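>>> Sequence plus the predicted model coming up.
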Amino acid sequence: MRSSKVISISCLVLTAICSVISSCSKVNHGLSKETKSAYYQKENSTYKKKNFDSLMSEVEKTMSSGLDTYKGLLFDKAFVELFDHSPSYYDDVTRLLSEQDVTNIQAIICVLAMQHLNLDDYIKLCGFYIKLNDRNKISEDTIERLIGGFLDIHIIPENYDDPKVIGVLNAFKNNRKTSATLKTMIDDILAGK
């Protein structure tokens, strides 16, 4: 009984810590999408980029250690580096996603880390995931994160009426492997829900 109370309290503390970290992110959540995008583009123009492969290796180790949730990645310095500077690592991500031996873990890390891209780059990123899905290289969970977002960043749902976003959503929806659950999620996004 006592150990279950300790576990419950530990879970509450961890949840509170994740909430604080999320709310203390560099993004000012009261800003428009365009302002946020401009902020990250400017922020990354003076950023001294780190070695992408080394950062990915560190994040993969963290993922392999058995995270309870993806929010746990916010405690990984290498992931935060990629996440906070998404535009700077976009070319590296697209290079990795183009490789034949890309893994689902690498693909999910890239989805979660690239949340500060502008809409056009994010749409291009989605194109890589459409190809990976066609080659059976990614899980449906990866697609859900790609189109649903991470933390409180929802690039696709916030732009549900953009013709390019509609095209991406329909490409996933019309894939014969797409589950009924994912099709419902896509329909909800297309309906602006």
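Noted; the coordinates are in hand.

>>> Check the gap between Arg135 and Leu97 for me.
Separation of Arg135 from Leu97 (CB to CB, to the nearest Å): 11 Å. Any C-beta I mention is one placed from the backbone N, CA and C, and that applies to glycine too.

>>> Over to Lys50?
19 Å.

>>> again, but for Lys77
23 Å.

>>> Equivalent analysis for Ile156, please.
From Ile156 to Leu97 the distance is 17 Å (CB to CB).

>>> so where's this protein uncertain?
Residues of the chain meeting the criterion pLDDT under 70: 1-45, 67-68.

>>> list the contacts for the most centrally placed residue in it?
For the chain, the residue nearest the mean C-alpha position is Leu112 (2.2 Å; CA atoms, centre = their mean). Shown in contact with Leu112 (CB atoms under 8 Å, 6 or more residues apart in numbering): 70, 73, 79, 83, 145, 150.

>>> what about the third one, how many residues close to it?
Meaning Phe79. Applying other CB atoms under 10 Å, we find 22 residues neighbouring Phe79.

>>> Make sure it is actually in contact with Lys61.
No. Look at Phe79 against Lys61 with CB atoms under 8 Å: they stay out of range, at 10.7 Å.

>>> Can you get me a residue count around Thr142?
With other CB under 10 Å as criterion, Thr142 counts 21.
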